[in-house]
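Undergrad: Here you go, sequence then predicted model.
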Amino acid sequence: MLGMNQHAEKVYSSARDKSGAASSPIAASWRRCLTRHGLAPEENRKPVQLSGREFNEAMDRSGHLIQAASSELDWLLGMVGKAGCCLVFTDSDGVVIDRRGTASEDKDFRDLGLWMGALWSEASVGTNGIGTALADGRMVTVFREQHFLSSNIGLSCVSAPVRDHQGQIAGVIDISTARRDVTEMMLPVLAQAIRDSASRIEINLFRQAYSDSRIVLVPSAAHGGSALLAVDRDDMVLGATRAARLVLKLDDRMIEAGVPASDLLHDGFNKDGEDLLEAERAALRRALSRNNGNVSLTAQMLGISRATLHRKINKLGLA
């Protein structure tokens, strides 16, 4: 591991090399920390700590996030807690709103600032898993000397942004460890766990937002079941996860204008009024099913005569 002075020199050198900043996300982050945030790598700087009032306001805004993430944090703690890892969940500003860890490790992580109410944005503590995931909008790993501040080079982090029902970043889920025996080869394993948990939290948030709607899975092996549409009773799309938006090339403008889910999924009805016939057939099948196939009860429920219902059944091929 580099000494603190050597690390600071490396940060200055790499960040000032514009070609390096263009090719390396870490170097680009170091450059942001120097030029945009006015930080110095040799600073012994702790994360900004919110006041009690500020923290309470952040918690009030984040109740739904914590609810959506709680079970995932419990699951992850069972996986990595005994390995000396700390689990952190932040809001979209990088404020820690939930954390999990083993009691024996709590003091070390509290000394590092990985604690409730701490602000882990890049502006607060330079390049780090949480802040850089927020800045870049993607999952990142920051291994030891890749941190901006020399005081954080003993820390390794894997972090992933969590997106809300509109595809906007709502927070970050993070695994951090200060163990000396952690190698860079171990981080991809933690990264996969973080990626999966972020996806499940996004699904939870989406279902929260559209609890009264039908949720449709978009076939997409690449997105592991997180490509979802919320659809109303008329088959119109009400919302879509970020994964679904990417797969279907869907945006807010299209959703607001109105688009049938069947059109997006290419299983709709496309000509000569077939969509109306199929809609009528589907409605009639549902009505018959609810009445266990009883024609008299179904006709009464629909407010039509038995003869009219029989004609419709024959016309639509439901006999």
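TA: Structure received. Here the structure is a predicted model, which is why all the values come from computation and not from measurement.
Undergrad: now the helices: where do they sit in the stretch 151-300 of the chain?
TA: Assigned helices in the stretch 151-300 of the chain, in chain order: 187-209, 242-248, 252-257, 261-264, 274-290, 295-302 (criterion: DSSP state H, counting those that start in this stretch).
Undergrad: next one: the last one to chain centre, how far?
TA: This points to helix 295-302. How far helix 295-302 lies from its chain's middle: 46 Å, per CA atoms, centre = their mean, to the nearest Å.
Undergrad: Quick one: list the elements packing against the helix or strand following that helix.
TA: Next in sequence after helix 295-302, counting helices and strands by DSSP states H and E, comes helix 306-315. Contacts defined by 3 or more CB pairs under 8 Å, 6 or more residues apart in numbering; DSSP states H and E place helix 306-315 against helix 274-290, helix 295-302. Backbone N, C-alpha and C define where each C-beta goes, glycine included.
Undergrad: Could you list the buried residues of helix 306-315?
TA: 309, 312-313 (16 or more other CB atoms under 10 Å).
Undergrad: bridging residues for residue 176?
TA: Applying DSSP bridges to residue 176 gives these bridge partners: residue 86, residue 157.
Undergrad: hmm, back to that, any idea which of the helices of the stretch 151-300 of the chain has the lowest pLDDT on average?
TA: When these are compared by mean pLDDT, helix 274-290 comes last with a mean of 75.
Undergrad: Show me the contact partners of that one.
TA: With CB atoms under 8 Å, 6 or more residues apart in numbering as the test, helix 274-290 has contacts from 268-269, 294-295, 298, 301-302, 312-313, 316-318.
Undergrad: Of the residues you listed, which is the most crowded?
TA: Counting neighbours by other CB atoms under 10 Å, residue 298 leads those with 21 neighbours.
Undergrad: how about that residue, what does it touch?
TA: 287-288, 290-291, 309.
Undergrad: Now distance to residue 140 too, for the residues you listed, in CSV please.
TA: Below are the contacts of residue 298 laid out as CSV (distance: CB to CB, whole Å):
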residue, distance to residue 140
287, 53
288, 54
290, 51
291, 56
309, 61
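Undergrad: Let's see the pLDDT reported for the residue nearest to residue 45 when sequence neighbours are not counted.
TA: Distances taken as CB to CB, 6 or more residues apart in numbering place residue 149 nearest to residue 45, at 5.8 Å, with adjacent residues excluded. What the model reports as pLDDT for residue 149 is 96.
Undergrad: Show me the shaky parts of the stretch 1-150 of the chain.
TA: Applying pLDDT under 70 to the stretch 1-150 of the chain picks out residues 1-2, 20-23.
Undergrad: For it, which segments count as strands?
TA: 48-49, 85-91, 96-100, 118-119, 140-143 (DSSP state E, counting those that start in this stretch).
Undergrad: Now do the end-to-end distance for stretch 95-106.
TA: Terminal residues of stretch 95-106 lie 18 Å apart, using CA to CA, to the nearest Å.
Undergrad: what does it rub up against?
TA: With CB under 8 Å, 6+ apart as the criterion, stretch 95-106 contacts 50, 55, 58-59, 62, 65-66, 69-70, 73-74, 76-77, 81-82, 84-91, 109, 114-120, 171.
Undergrad: again, but for stretch 242-262
TA: Counting by CB under 8 Å, 6+ apart, 163, 166-167, 199, 202, 216, 218, 220, 222-223, 226-229, 231, 235-240, 264, 268-269 sit against stretch 242-262.
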